Each structure stands twice: as C-alpha cells, then as structure tokens.
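In: need a structure here:
(one chain, ligands or ions: 1)
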Amino acid sequence: MINKTPSPLYSGVKILHDPVRNKGTAFTDAERDALNLRGLLPPRVHSMAEQELRVLGNIRAKPTDLERYLYLVALQDRNENLFYRVVMNNIEEMMPLIYTPTVGKACQEFQHIFRQSRGFYVSLQDKGRIKEMMQNWPHKNARIIVVTDGERILGLGDLGADGMGIAIGKLALYTACAGICPTRCLPVMLDVGTNNEALLNDPLYNGLERRRERGEEYDALFAEFLEAATEVFPGMLIQLEDFGNTNAFRLLEQYRSTYCLFDDDIQGTGAVAVAGIIAAMRIMRSNLSDQKILFLGAGEAGIGVADVFVAALKEGGISEKEARQHCWFVDSKGLLVAGRDRIEPHKKPYAHEHEYIPDLLGAINALQPTAILGLSGQPGTFTQDVVETMAKINERPIIFALSNPTSKAECTAEQAYTWSDGRAIFASGSPFDPVKLGNQTFVPGQGNNAYIFPGVGLGVIVSRSRVVTDEMFLAAAHSLANQVTESDLERGRVYPALAQIRQVSALIAHDVAKMAYDNGLTDREKPDDILADIHENMYQPVYPHYA
Ligand code: NAD
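Out: Numbers count the residues shown, from 1 in each chain. This next block holds a predicted model:
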C-alpha cells in the first residue's frame, strides 16, 4: 500500500511540528491524552471539514495569488493531509496557485519569499558524496523524484536554484491528481550554477554563485546523482523537469533504457497535446491522417509533441517517413527546412524539403495547416492575422497556445475565439476563463501535461515497471482523449474537466501498468484487477487515528 498510516513515533509538541502526522485542532480528546497534547491546543476539537473551511476563508482573503501560494506552502509545511484535502477538493481553484501560472511567479521570487527549505539540493560542491547525502532524506519509501537544473523554468528561462519551486509543485500534483502518497515524492534541485545575471547579483539568491557548468563536470554530477538516487531508493522513478533543451534531449537518450526515467517536457507534453488533437477529431469529424500541424517552437515540447503525433499516425498504419511530413516547424529562425544552417539533431527529422519562409504567417499561407501549436514561450505570436488566416483556410482550425505561464501564451482564449468567429478549437497550457461570444460560452481546455504525468507515474510505480516507454505516453494520450465527453466537446473543451483529474489519472495509470505487465517490463505479478489495484494504492487525504 502506498498510503500508509504513520505511527506516532513521538508525542507532545514534536508531533505538532511534524507535517505528516500533525492534525492541528483535529486531534481528538483521546489522542490529546495519549500523545501528551493537553494544553498545547485550544480546547475545541474541529473536524477536517471545519479546518478546510477555515483554510479556504484564509486563502480567499489574501490579496494576491503569490500570497495565496505562500499560505498554501506554509500549510503544506505544517499539515500535509489538510493541504491535500484542500487542494483535491478545490482542484480548479488551487491548481493555478500551486502550479502554473503562480508557481512561475514564485520561482521568479524564490530567493525573496524563501521561508523553509523543502526538497533536496545537490550542487557541484557535493561531488563524491551524493549517496551519503541522500541518506539524510527522512522518507525511506520515496519512489518518485522530479529533478530540475533550473535552466528553463516554464517559459521563464534560467532561474538557477530558484527552480526548486517547479519540482515541488509538480510533485504536489502527483499527489493531488494521482494520489501518490506525499512521502513517496522527492523534489531535487541539481545546482550547477546559473547564467541569470540578476540572480548572480542578488545577495539573497540561494544557489551557487557561479555560471552554469556545461562540460564533463556536469555530466559526472548527473551520473553520480542517478546512481546514488537509485541505490538509496531502489526502483526510483525519475522525472526530468525543465532542463535546457540540449541537456534534456541528450540525458533522456542516454539514460532512458538503463534507468526508470522520462522527460516530462518532451514526452508528457507530447501526450497531452496529441490527446487534445485526437479529441478534436470528434468535433471536426476528421482523422489524424488528414491533419497537417505547424508548430511554433521546435524545442523539447514541440519536438516531443511531434514525436507522439508521429507514433499515433504509425499506429494507424502510416510509415514514419510519411508521418513526419504531417509535422512542420517554425522556430526562432523561421521555417525549418532541409539545408538550413546548423540544424540541431532533435530538429533534423522534421527539416523537410521546402523553400525557406522566414515567418509564421508566410508558412501558414504556404503550407495550409489544419492546426497550429504554440510551444515557443513567445507571447502574442498568434496574431490576429495568424488566427484569421487559419480560420479562412479551415472550417474548425485547431489553435493550441500551449506556452506557460499565462503571460507567455501565444494568444489568449478570447483572441482565438473572437478572431475566428468562435470556430477555433482552442486549448492553452495555463488556464483561461470561459469566453462569452454572442449567446455562446466557450470553455477552453487546459492542454497541460498535468493531465498526463501523474497517471503515468502512478502506473509505473504501482506496476514497478523498470523503464518508461514511448508507448506508455501514446497509451496515456488515447486514455485521456477517451475520457473527453460529448458535453466537454459541446462546450469547446478537448480535455476532461479538471475536477475529474483523479479518475482520469487512475485510468491512465491502469493503461500504463497494463503495458508494463503485458510487455514484461516488470517482475511484479499482474494483479487480477489492475484498476482496483491502482485505486487501492492511491493516497486519500484523511487523518490517521492515534488512539
Ligand atoms: P525550448 O527552449 O526547448 O524551445 C523553445 C523553442 O521556441 C525553440 O525551438 C526556439 O527556437 C523557439 N522560439 C523562440 N523564440 C521564437 C520565436 N520568436 N518564434 C518562433 N519560435 C521561437 O522550450 P520548450 O521546453 O520547448 O518549452 C517551450 C514553451 O512550451 C514554454 O513556454 C513552456 O512553458 C511550454 N510548455 C508547455 C507545456 C504544457 O503542458 N502546456 C509543457 C512543456 C512546455
């Protein structure tokens, strides 16, 4: 079982300062006697529901989202079960606070808002002793690491050690969205320096005061970290998060077959975007093989989506070579075409024969795509001309502005719907409010990998799969798309409501785990009922009884 009741190792004030065991005013009379808590708490015993009400009141009274974030982090530090109850019961309200967009702001301010350390820091200075250090982590049952080196946090660039906030936020979603017990989650910051001048000049910055290491020393530190993490925590699943794209592609290729490891920005984003496109086919009454996608941005996310899309076409019987012709890219240098100067290895399979075109609008006019996907981190690049042209070419243009946080979205939901006369099938990486156009209200879906990685992670750790495969991400994409209802589609939403996220994640976990059992990726015996086994392993935010 993942959700274990912790035993009261100690009593009195110590238990009140332990976020895993603390119940605050919810300790019962009997527990107060048994655990030497008499006098340390006000006399009234509150239920967890009453505590939740108090927390919600406090959060809603805060003047800014960053203040709300700080309140929630403080709650997580003092009473984890209550924190997760509040987040899970109010996921649509809380997710933008603990994750994108607010977590982006929090990372940008991290050195100033820092109160208490959370997560695990490994720096270049720790070479040779990482294994020994990892023994310091208090939860010996940790099974998922989200590790970042802070080089490309959301679309915000190099935030160095301040990127820790993103690893913490992602792991909170593993628990909230897929029920992975909080003590199983280990956020790691690999501090290899930063090239962010403002941080280097800020006396409050918490990371190493040096520029980014790139060479052999970086590789040696990463290798030592992987080895240490998997020796100290056997079977550990490692998620690479927000690495710069050169390292992300390289490290994923190097280690994906020898460690249980994946890159969320490449593979998770791929699955979520393709799920949205599969669901859009039901609105368009069309097929994947009839789609031509033009990506803005050819980094981790863009290439990751194209790779999953190609895998989906191959599944439908199309050759890899032909499938790639369905994906075109415009990056910072214009249309990606064969013969362009210095094409990076990850872009090469998508550099097709075509005349060079310098800009997105020109590329749309020349290629006549059915979909444009923004993964460039460049706000405002889906201009009125771009959206209007897409709407002229297509009855129902797919327009996904997937860059995070909200401030980096290629266009807003309102712009996409207004400029296309309500015909765009729109999704965004960060949330947008519903848009009213005439008598119609459009509810934009959130094409965020939060729909994918928690379920994939749950499936992998419950099945004890030794590796994470591309097929698992394609399966997750289908699973997610299958859960989009007709009523979602009627409202213009190509993703299920966030309120359904635990059920969505459980079904994705089922499909991923089944793949591990059926393909011999695990030594664990296949349970009779995989879904029941998944549910049994999901954490619930309830208090343990101590007396
Ligand atoms: P990256 O740095 O690997 O790639 C960025 C790409 O954008 C590069 O190919 C670059 O050439 C291109 N680019 C930069 N400026 C451009 C311009 N003016 N015009 C055209 N292209 C331009 O970054 P990434 O990991 O691919 O992430 C990109 C964005 O996608 C970020 O904002 C990130 O937050 C977002 N993202 C969203 C999700 C999601 O779930 N919705 C997941 C991952 C990443």
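In: make it CA atoms for all contacts and neighbour counts henceforth
Out: OK.
In: Show me which positions of stretch 523-543 end up buried.
Out: Ile530, Leu531, Asp533, Ile534, His535, Asn537, Met538, Tyr539, Gln540, Pro541, Tyr543 (16 or more other CA atoms under 10 Å).
In: again, but for stretch 332-339
Out: Gly334, Leu335, Leu336, Val337, Ala338.
In: same deal with stretch 196-209?
Out: Buried residues in stretch 196-209 (16+ other CA under 10 Å): Asn196, Leu199, Leu200, Tyr205, Asn206, Gly207, Leu208, Glu209.
In: residues from the stretch 351-500 of the chain in reach of the ligand?
Out: For the stretch 351-500 of the chain, the residues in contact with the ligand (CA under 6 Å from any ligand atom) are Leu375, Ser376, Gly377, Gln378, Leu402, Ser403, Asn404, Gly429, Gly447, Asn448, Asn449.
In: coming back round to it: now the buried residues of stretch 523-543 as TSV including distance to the ligand?
Out: Shown next, in TSV, are the buried residues of stretch 523-543 (distance: CA to the nearest ligand atom, whole Å):
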residue	distance to the ligand
Ile530	27
Leu531	26
Asp533	28
Ile534	24
His535	25
Asn537	26
Met538	23
Tyr539	24
Gln540	26
Pro541	26
Tyr543	33
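In: In a markdown table, list those along with secondary structure and pLDDT.
Out: What follows is these, written out as a markdown table (DSSP: H, G, I helix; E, B strand; the rest coil; pLDDT from 0 to 100):
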| residue | secondary structure | pLDDT |
| --- | --- | --- |
| Ile530 | helix | 98 |
| Leu531 | helix | 98 |
| Asp533 | helix | 98 |
| Ile534 | helix | 98 |
| His535 | helix | 98 |
| Asn537 | coil | 97 |
| Met538 | coil | 98 |
| Tyr539 | coil | 97 |
| Gln540 | coil | 97 |
| Pro541 | coil | 97 |
| Tyr543 | coil | 97 |
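In: closest to Asn89 among the residues you listed?
Out: The nearest member of these to Asn89, counting by CA to CA, is Pro541 at 10.0 Å.
In: circling back to that earlier point, got the buried residues of stretch 332-339 as CSV, with pLDDT columns?
Out: CSV is the format used below for those (pLDDT from 0 to 100):
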residue, pLDDT
Gly334, 97
Leu335, 98
Leu336, 98
Val337, 98
Ala338, 96
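In: Can you lay out those residues as a markdown table showing distance to the ligand and secondary structure?
Out: Converted to a markdown table, the buried residues of stretch 332-339 look like this (distance: CA to the nearest ligand atom, whole Å; DSSP: H, G, I helix; E, B strand; the rest coil):
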| residue | distance to the ligand | secondary structure |
| --- | --- | --- |
| Gly334 | 7 | strand |
| Leu335 | 9 | strand |
| Leu336 | 10 | coil |
| Val337 | 13 | strand |
| Ala338 | 16 | coil |
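In: coming back round to it: among the buried residues of stretch 196-209, which are in helices?
Out: Mapping the buried residues of stretch 196-209 onto helices (DSSP state H) picks out Leu199, Leu200.
In: Quick check: the farthest pair among the buried residues of stretch 196-209?
Out: Asn196 and Asn206 (13.0 Å).
In: doesn't Ala198 make contact with Gly160?
Out: No. Counting by CA atoms under 8 Å, Gly160 stays clear of Ala198, with 10.9 Å between them.
In: How confident was the prediction at the residue in the stretch 1-150 of the chain that the ligand sits nearest to?
Out: Minimum separation of the stretch 1-150 of the chain from the ligand (CA to the nearest ligand atom) falls at Thr100, amounting to 8.8 Å. Here, the pLDDT recorded for Thr100 equals 93.
In: who's in contact with it?
Out: Applying CA atoms under 8 Å, 6 or more residues apart in numbering to Thr100 gives the contacts Asn404, Pro405, Thr406, Ser430.
In: can you count the residues close to Arg118?
Out: Neighbours of Arg118 under the rule other CA atoms under 10 Å: 15.
In: And it, what's its pLDDT?
Out: At Arg118, pLDDT is 94.
In: and if you look at Glu353?
Out: As predicted, Glu353 sits at a pLDDT of 97.
In: Report how many residues lie close to it.
Out: So Glu353, with other CA under 10 Å, has 11 neighbours.
In: what do you get for Glu224?
Out: 17.
In: which element is the nearest residue to Asn195 once chain neighbours are set aside on?
Out: Spatial nearest neighbour of Asn195, excluding adjacent residues (CA to CA, 6 or more residues apart in numbering): Arg211 at 5.1 Å. Of the helices and strands defined by DSSP states H and E, none includes Arg211.
In: Is it correct that Arg211 is in contact with Asp191?
Out: No. Taking contacts as CA under 8 Å, Arg211 lies outside contact range of Asp191: 10.5 Å.
In: is it true that Pro397 touches Met390?
Out: Yes. Applying CA under 8 Å, one finds Pro397 in contact with Met390, separated by 5.9 Å.
In: any common contacting residues for those two?
Out: Common neighbours of Pro397 and Met390, counting by CA under 8 Å, 6+ apart, are Thr370, Ala371.
In: Kindly export stretch 85-100 (C-alpha atoms) in CSV.
Out: Below are the C-alpha coordinates for stretch 85-100, written out as CSV (Å, rounded to 0.1, in the frame of the first residue of the first chain):
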residue,chain,number,x,y,z
ARG,A,85,-7.6,17.8,1.2
VAL,A,86,-8.0,21.5,0.4
VAL,A,87,-6.2,21.1,-3.0
MET,A,88,-8.0,18.0,-4.0
ASN,A,89,-11.5,19.2,-3.1
ASN,A,90,-10.9,22.5,-4.8
ILE,A,91,-8.6,21.5,-7.7
GLU,A,92,-9.8,24.0,-10.2
GLU,A,93,-9.2,26.9,-7.8
MET,A,94,-6.0,25.5,-6.3
MET,A,95,-4.1,24.2,-9.3
PRO,A,96,-3.3,27.6,-10.8
LEU,A,97,-1.9,28.5,-7.3
ILE,A,98,0.4,25.6,-6.7
TYR,A,99,1.3,25.1,-10.3
THR,A,100,1.2,27.3,-13.5
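In: Good, wrapping up.
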